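>>> what follows is a protein structure lacking sequence information:
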């Protein structure tokens, strides 16, 4: 079973770099950010690199929204190894 890294705040900088780096190392990569359109585009790019990624849209600056994507990731992946 491959490891899982949750990339919370998968914007255009560090989050994207982490998704690529860990994905190349065999991690599954759930991504969370506000903009669903950017997430979908990033998932496509990662899929082209044979990286398993899935997108979850949420505004993590709003505390009531934060638990939902984490629970969805856990439900889909079963666990998280790195955040």
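Thanks, I have it. The structure displayed is predicted, hence computed values, not measured ones.
>>> mind checking the SS state of the residue nearest the centre of the chain?
If you average the C-alpha coordinates of the chain and look for the closest C-alpha using C-alpha atoms, centre = their mean, you land on residue 31, 1.6 Å from that point. Applying DSSP: H, G, I helix; E, B strand; the rest coil to residue 31 yields a three-state assignment of strand.
>>> what's in contact with stretch 64-82?
Applying C-beta atoms under 8 Å, 6 or more residues apart in numbering, the contact partners of stretch 64-82 are 3-6, 8, 22, 27-28, 30, 32, 54, 56-60. For the C-beta atoms, the positions are set from N, CA and C on the backbone; glycine is no exception.
>>> so residue 73 is in which element?
Here residue 73 is covered by helix 67-77, with elements defined by DSSP states H and E.
>>> again, but for residue 37
For residue 37, the host element (DSSP H and E) is helix 36-48.
>>> so which other helices or strands are in contact with that helix?
Applying 3 or more C-beta pairs under 8 Å, 6 or more residues apart in numbering; DSSP states H and E, we find helix 36-48 packed against helix 14-24, strand 29-33, strand 53-57.
>>> thinking again about what came up before, spit out the contact partners of the nearest residue to the residue nearest to the centre of the chain once chain neighbours are set aside.
Here the nearest residue to residue 31 in space, its sequence neighbours aside, is residue 10; by C-beta to C-beta, 6 or more residues apart in numbering that works out to 3.9 Å. Applying C-beta under 8 Å, 6+ apart, one finds that residue 10 lies in contact with 16, 19, 31-33, 38-39, 42.
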